[in-house]
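Colleague: Need coordinates for the below:
(chains A and B)
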Amino acid sequence: GQQVMQIPQYQHVQEGEDFTTYCNSSTTLSNIQWYKQRPGGHPVFLIQLVKSGEVKKQKRLTFQFGEAKKNSSLHITATQTTDVGTYFCAGINDSWGKLQFGAGTQVVVTP
Amino acid sequence: NAGVTQTPKFRVLKTGQSMTLLCAQDMNHEYMYWYRQDPGMGLRLIHYSVGEGTTAKGEVPDGYNVSRLKKQNFLLGLESAAPSQTSVYFCASSGRTAAQFFGPGTRLTVL
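Modeller: Residues are numbered from 1 along each chain as shown, chains lettered A, B, ... in the order given. This is a model prediction of the structure:
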């Protein structure tokens, strides 16, 4: 079964609004990565978080790694139509040895 | 610098036919991966390679074989295609940073 869970699966956002997508694991992760996939495209790496409690920003995107290293979030401020796509988190832990992807959050932005 | 390329982009097979998907990367990456993407399932790892001449099974390896005879190429083979293998296939590669770079994908339909 899926080791990394993402919620929500689907998010409909009005342009200009903020939203957050969450990623959860039942086990401690050594690091977590976030990817974005535009409709019809391929996943593109956004960022990697390694440290407990780490927060990183990329313009309007804020990524956070939980203190227990079991969860992560992506917050987008003032959503734009260019933010449309599916956002995947992917985690790795010592026992898995490989990246495990969540099912993704599909974001639709209404002008 | 093309990054990761995949051929073909689209393919339709009949049940029982065989085919090979080719992935090539020009970033001198050690690690290469094959994923399949199905609606609501995220990305699932089929096989991966940690270097030239090595391969290993991922999460869903049954019905697929791989080879990595050259560092820059990673081939995915389907010996006897089944309708359950209808999917979008992505190849990816990574170097020391662990960020994965994806190819544009191959859309495969098995009738």
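
Colleague: What count of nearby residues applies to B:T97?
Modeller: Close neighbours of B:T97, defined as other CB atoms under 10 Å in any protein chain shown, add up to 9. From N, CA and C alone the C-beta is placed, and that goes for glycine too.

Colleague: so which strand or helix has it?
Modeller: B:T97 is part of no helix or strand, with elements assigned from DSSP states H and E.

Colleague: Tell me the secondary structure at the closest residue to it other than its chain neighbours.
Modeller: Excluding the flanking residues, the one nearest B:T97 by CB to CB, 6 or more residues apart in numbering or on different chains is A:Q48, at 7.5 Å. Secondary structure, DSSP: H, G, I helix; E, B strand; the rest coil: A:Q48 is strand.

Colleague: interface residues of chain B facing chain A?
Modeller: Within chain B, the residues that sit near chain A (CB under 8 Å from any CB of the partner chain) are B:35, B:40-45, B:48, B:58, B:90, B:92, B:97-105.

Colleague: rewinding a little: for the residue nearest to B:T97, give the beta-bridge partners.
Modeller: When bridges are taken as DSSP bridges, the partners of A:Q48 come out as A:Q33.

Colleague: ok, it - contacts?
Modeller: By CB atoms under 8 Å, 6 or more residues apart in numbering or on different chains, the contact list for A:Q48 reads A:31-34, B:97-99.

Colleague: Okay, it and A:N31: tell me how far apart.
Modeller: Distance, A:Q48 to A:N31, using CB to CB, to the nearest Å: 6 Å.

Colleague: got it, and A:K98?
Modeller: On the measure of CB to CB, A:K98 and A:N31 end up 12 Å apart.

Colleague: anything in contact with each of A:Q48 and A:N31?
Modeller: B:A98.

Colleague: in which helix or strand would I find the most centrally placed residue in chain B?
Modeller: When CA atoms, centre = their mean is applied to chain B, the residue found nearest the centroid is B:W34 (3.1 Å). Assigned by DSSP H and E, B:W34 belongs to strand B:31-38.
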